[in-house]
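*Asks:* Here is the input, now give the coordinates:
(2 chains)
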Amino acid sequence: MTENPLEPYIESLRQQLEEQDPVVLVGVIVALAVVVITCVFLKYFLTSKTVRSAVLLVGLCDSGKTLLFIRLLSGKFKRTQTSITDSSAPYKAKNDRNCTWTLIDLPGHDSLRSQYLEKFKSAARAIVFVVDSAIFQKEVRDVAEFLYMLLTDPVVYRIAPTLLVVCNKQDVAMAKSAKLIQQQLEKELNTLRVTRSAALSAQDGSVGGSVYLGKKGKDFEFSQLPMKVEFLECSARGSKGKDGDSDIESLEKSLAKL
Amino acid sequence: MLDFFTIFSKGGIVLWCFQGAGVSESFTGPVNALIRSVILQERGGNNSFTHEALSLKYKLDNEFELIFVVGFQKILTLTYVDKFIDDVQLHFRDRYKNELEQKGALKLLNNTFDFEDRFKKLLREAEETSKARSPAPMRSFKESEKSQKTVKSMIETKGGDKSKEQGGKKNKNTKKEGKQSGCLYFNCILFIMMIFTTHSKSPKPPKPKGKVNRVWDNGGSSTKNLDYSNKNGETSLGEDQKNLEVLIFLCLFSPFSPKKSGGFGGMFGMLKGLVGSKSLSREDMEPVLEKMRDHLIAKNVAADISSQLCESVAKKLEGKVMGTFTTVASTVKQALQDSLVQILQPKRRVDILRDVMEAQSQRRPFVITFCGVNGVGKSTNLAKISYWLIENGFSVLIAACDTFRAGAVEQLRTHQRRLNSLHPPEKHGGRPVVQLYEKGYGKDAAGIAMEAIAYARNQAFDVVLVDTAGRMQDNAPLMTALAKLIAVNMPDLVLFVGEALVGNEAVDQLVKFNQALADHSMSDKPRLIDGIVLTKFDTIDDKVGAAISMTYITGQPIVFVGTGQTYNDLRSLNARAVVGALMKA
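*Replies:* Numbering: from 1, shown residues only, chains lettered A, B, ... in the order given. Below is the predicted model:
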C-alpha cells in the first residue's frame, strides 16, 4: 500500500534523472561523495581530539611538584624554584602495555593555578594532587579548598579522571601518614560543603561550582566520588638527600595501572 | 663579590647555579620571594628587588623561557651588575642554543649545563672593567670651553637670539622628519609641505605703517562676484571633487601606513609578519602598548598603575617568538588579559565563613574592622555583611566606634532593629542575633572597640563588626588614631572600604593608609590592610578599573563587592568577568 503513493514519485524522479546531462549527474554524485567523506573525516578528527592522555601534577605552592616531575622523568635530583609556567614532557609508564602519557607540571601559586587548570583540565586522564605532609596541619584548610575547587569543577566532574593524592615529603620526621591526611581532608571537605554553598554569588550573577560533593545527608567520604581516588605516600627528595634515590615506587606503580 | 647567580627555567627547574665563596645560605628562599613579589604581581617594571640583606637583580629571556637572577649584599653598590647579566645571558644563549631550541621539558633534564669557566671569566672581566674606570679628574680652567669664548660672543642681543632660536627649531623639525618618514609615508609628505610653507614666513622687523582700511575677505566691492551660477560654479565644483578624491586616497592608504616599516614596503611587511615566526621587539610592541595604556586609563585604572602594568607586560613579551597567524596586537592583548586576571586572583584563601567557624571552635569572636575615607559606604556594607552572617547562623555584635559623625550610632541602631525584625529572636534560641555596643559620641574609639570585644567574648558572640569614622588619608591625627585602634585590638580582618568610582585617588588612599598602619604599630609585624570591599559597583558600567588599582597597590584580594543599598546587594568578585569588561572595546 505504501508503495503506490511513492511509485509515481520514483518514476518521475527516474525520468528526470535520465533526461539530465550525464556530466551534471556525475558532478552531483561527486559532490555528495565529497560531503560524506568530509563528514566522516570530521567525526574521526573530532573524536580523536578528545582522547585524554595527560597526567596533571597539581598542588599548593612548595609541595614538591616540580621535583616529582623531574624524578619521574629522569630519576635525577635538581634544584627547583617556584614555577611560573607549566612544563610538559612525555612519560613512559612502567607496565607491559608501554603506554605513553604526557606528564604536565602546573604552577601551584594561587594566582596562577586556576588559569592553568582551565587550560589543561579537559585533557586530563589522571590528576596527581601533591600534598606537603610535613606542614599539612597548618595548611589543611588551603589544601582542602584547592581540592574542593578541583572536585566541584563541572568539567572535572564530567570527565572523572583518576585522582592520586600523593603525600610528599615523607622523609621529614614530622610527616603525617596518608591515612591521617585522608581523614582530615574528609572532615574539612565536609565543612567546606556547607560554607561554600553559602558563599556569595559573583557580581555578574554567576554562581560557582553547582556540583555537590558526595551524598547529601551523609558525611563526606572519598569513596562517594564518581572517580577513583587513591592515597599514596612518597618522598621526592629521598631519604639520603641529593644523592640518594627517591622513594616514588608507589606512585610509579599507580601510574602504571592507569 | 656576588653572593649567587642562578639560571632557571620558567617551569622551575634550575639549570645552573653559582654560589660565591663563603656563602653558605641557600638562595632558594630569596629567589622564591623575588618571583612571588615581582614577577607574579606584575611589578616587572624595574628589575631590582631587596630581600632582607640581599639585593637581587633579574632578567627574563622570553624566547627560551629562562630567568637569570643575581644576588649580592645590599650594602655593596656594584655598578657592573646590569651589563654583567646581559653578557651572561648572551653567552649562555649562544653556547646552548641547540639544546634550548628543542621542545618539551626533557631538554632541561637530559643536558648538563657546564657554564662554570665561561662564567668565571666573564665575572673577572666585569670586575676588572669596573675597577679600571678611575674617577675622571676635573678639567682646569684653561681646558674648559668657557676660556675659549670671547666676551663679545657672550653678550646677548635681540637679533642674535632669534637666529639661534630658529636654528633650534629647524633641528627639531628635521629630527621629527627623520622618525616619521620611517613609518608614515603620506602623512610625512604633507608634513614636509607644511614645514616649507611655514619657513617661507620669515620674521620681518616691524615697519611703522600708517592706518590702512581693513579689507574683508567676503566683503566684495560688488555682488557680481557672488554669482556662482554659470562658469564660476563648474570650476569650484571641480576643485571640491579633486580635494575629495585626494582625501579618499589618503584615507585608504593611512590604515596601511602606521604598521612597522614604511610605505609600500609596509603592506608586504604586514603580510610577512602574519605568517612565520617572528620575535617581538620593543618597537613592535610600543604602539600597541600605548593604545592599551590609554584604553586602561579610559576604563578608570589609575595612570601610573597602567604604565607599570604595560611596562611589566612588555618585559614579559620581549624576545618572545610569535606563532603563525598571530599579530602583535593579539599577542599583547592576550598577555595583558592574562596578567590582569592574575592580579585579580586572590593570593590567599578567602573564605570568611570557614574562618568564623574556626574562631568559633576556639571560643573567641572573629573581629572585622572597616576603615576608609568619608562617604564610601562603610556603615551600609557593614549592615549587609551582618545580614549575610546572620543568614548563615552566626550571632553578630556591632561596635559603634564612629564617635564623631552625627547620627552614626543611630544609623547602626536602625540597622540593628531591622535585622532583628527580619530574624526574630524566637527563631534563634531566644537571643537577639544582632546587638549594638555603643558608648555615645566623643569617646575614644580604640577603648570602645576593646570593651566591645571583651563583651563579645563574655557573651559568646561569633563575630564583632567594628565600624570606624571616615577619615581623609592626609589627616595625620586621625590616621594615628586608626592605627592605634588596629594595633591595640589586633582584629582578625582589616577591611579597607573603597568605592568603585574612585580614580587615581585610590592609589594615594591605599598607600597612605598602609603607611600609617605600618608606622604607628609598635610590633615588628604590623597589621596592614587584609582585604578590600569595593562598594557602589552598580554605579559604574564597565569602567571597572578601580578594582585593578586597588588590588595592584596592596596585593590583597577584593573580599566583597557592594552593588546596591538593600541587604541582598552583596556579592563576591568574579575575576574573569571584570577583566572581560575591562578589555571590552
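*Asks:* other SSEs contacting the worst-scoring helix or strand of chain A on mean pLDDT?
*Replies:* Using mean pLDDT, DSSP states H and E, the weakest-scoring helix or strand in chain A turns out to be helix A:249-256, at a mean of 72. Applying 3 or more C-beta pairs under 8 Å, 6 or more residues apart in numbering or on different chains; DSSP states H and E, we find helix A:249-256 packed against helix A:65-74, strand A:162-168, strand A:229-233. The C-beta positions use only the backbone N, C-alpha and C, and glycine is treated the same way.
*Asks:* Any stretches of the chain with poor pLDDT?
*Replies:* All of this is about chain A. Low-confidence segments of chain A (pLDDT under 70): A:1-5, A:17, A:46-51, A:95-96, A:203-210, A:238-248, A:258.
*Asks:* Actually, chain B is the one I wanted.
*Replies:* For chain B, applying pLDDT under 70 flags the ranges B:44-46, B:105, B:133-136, B:159-209, B:218-226, B:230-277.
*Asks:* The residue of the stretch 401-550 of chain B found nearest chain A: what's it in contact with?
*Replies:* Taking C-beta to the nearest C-beta as the measure, the stretch 401-550 of chain B has residue B:537 as its residue closest to chain A, at 6.0 Å. Residues near residue B:537 by C-beta atoms under 8 Å, 6 or more residues apart in numbering or on different chains: A:203, B:500, B:544, B:561-563, B:571.
*Asks:* and those, which of them are in strands?
*Replies:* B:561-562, B:571 (DSSP state E).
*Asks:* Distance to residue B:366 for the contacts of residue B:537 - can I get that in a markdown table?
*Replies:* Listed next are those as a markdown table, based on distance: C-beta to C-beta, whole Å:
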| residue | distance to residue B:366 |
| --- | --- |
| A:203 | 24 |
| B:500 | 26 |
| B:544 | 30 |
| B:561 | 21 |
| B:562 | 20 |
| B:563 | 24 |
| B:571 | 21 |
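*Asks:* which one of those residues is nearest residue B:377?
*Replies:* Nearest to residue B:377 out of the contacts of residue B:537 is residue B:562 (C-beta to C-beta; 6.0 Å).
*Asks:* And for the closest one, nearest residue in space, chain neighbours not counted?
*Replies:* The shortest distance from residue B:562 to any residue other than its chain neighbours is 3.8 Å, reached at residue B:535 (C-beta to C-beta, 6 or more residues apart in numbering or on different chains).
*Asks:* Please report how far the one you found lies from residue B:378.
*Replies:* Distance, residue B:535 to residue B:378, using C-beta to C-beta, to the nearest Å: 8 Å.
*Asks:* Can you pull the residues that touch both of these two?
*Replies:* In contact with both residue B:535 and residue B:378: residue B:497, using C-beta under 8 Å, 6+ apart.
*Asks:* ok, residue 72 - contacts?
*Replies:* Looking at chain A here, since you left the chain open. Residue A:72 is in contact with A:91, A:103, A:248, A:251-252, A:255, counting by C-beta under 8 Å, 6+ apart.
*Asks:* that's the other chain; I wanted chain B
*Replies:* Contacts of residue B:72 by C-beta under 8 Å, 6+ apart are B:1-3, B:54-55, B:78, B:81.
*Asks:* In helices, which of the residues you listed fall?
*Replies:* residue B:81 (DSSP state H).
*Asks:* As CSV, the contacts of residue B:72 with neighbour count would be great.
*Replies:* Listed next are those as CSV, based on neighbours: other C-beta atoms under 10 Å in any protein chain shown:
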residue, neighbour count
B:1, 13
B:2, 20
B:3, 22
B:54, 21
B:55, 21
B:78, 17
B:81, 20
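*Asks:* I'd like the contacts of residue B:72 as a markdown table, with distance to chain A appended.
*Replies:* Shown next, in a markdown table, are the contacts of residue B:72 (distance: C-beta to the nearest C-beta, whole Å):
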| residue | distance to chain A |
| --- | --- |
| B:1 | 23 |
| B:2 | 18 |
| B:3 | 16 |
| B:54 | 15 |
| B:55 | 18 |
| B:78 | 23 |
| B:81 | 20 |
